[in-house]
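Visitor: Need the 3D shape of this:
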Amino acid sequence: MQRRHFDYKLNTGRPWVNLLSRVLTHLSIVLSAVMVVVYFCDVYTRGEMSFLANPITKGMLLALCLMVLVNSCIQLSCLAKLRSMQKFEKLTEKKKD
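Guide: Okay, here's the model as predicted:
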């Protein structure tokens, strides 16, 4: 199976970026699932529990938003580097022919 977004050539100089991206991705998934469960609990209890008015929940929502922003910036920068590497490889192949 071929990995497209995180090619081993991309992060050889900066392994911490790959680790940070993987950790943020997993934390974002877990925190998103928690927020979905909290949302549905809040909807079905019809304001009796009021989870979304809780300051802890607001902090979790802020943490989720920040993690998603950082993770998407890292993903976009890695994709841009991968695309530039692919363009460079195509240009060098054309020059060889």
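Visitor: Lowest-scoring secondary structure element of the chain by mean pLDDT?
Guide: helix 15-44 (a mean of 81; mean pLDDT, DSSP states H and E).
Visitor: tell me, which helix in this protein spans the most residues?
Guide: The residue-count maximum for a helix in the chain (DSSP state H) belongs to helix 55-96.
Visitor: Report the angle between that one and helix 15-44.
Guide: Inter-element angle recorded for helix 55-96 and helix 15-44: 140 degrees (by axes from the mean of the first three to the mean of the last three CA atoms, to 10 degrees).
Visitor: Quick check: buried residues in the least confident helix or strand of the chain?
Guide: Residues of helix 15-44 classed as buried: Asn18, Ser21, Leu24, Ser28, Leu31, Met35, Val38, Asp42 (neighbour count, 16 or more other CB atoms under 10 Å). Backbone N, C-alpha and C define where each C-beta goes, glycine included.
Visitor: which residues does the spatially most central residue of the chain contact?
Guide: For the chain, the residue nearest the mean C-alpha position is Asn71 (3.6 Å; CA atoms, centre = their mean). Neighbouring residues of Asn71 by CB atoms under 8 Å, 6 or more residues apart in numbering: Ser21, Leu24, Thr25, Ser28.
Visitor: cool, Ser84 as well?
Guide: Counted by CB under 8 Å, 6+ apart, Ser84 has zero contacts.
Visitor: so how far is Tyr39 from it?
Guide: Between Ser84 and Tyr39 the distance is 40 Å, computed by CB to CB, to the nearest Å.
Visitor: cool, and Lys87?
Guide: Look at Lys87 and Tyr39: by CB to CB, they are 42 Å apart.
Visitor: Equivalent analysis for Leu64, please.
Guide: 12 Å.
Visitor: ok, Ser72 - how many residues close by?
Guide: 13 (other CB atoms under 10 Å).
Visitor: Roughly how far does it sit from Ser28?
Guide: 9 Å.
Visitor: for Phe40, same thing?
Guide: 19 Å.
Visitor: next one: Trp16
Guide: Using CB to CB, one gets 18 Å for the distance from Trp16 to Ser28.
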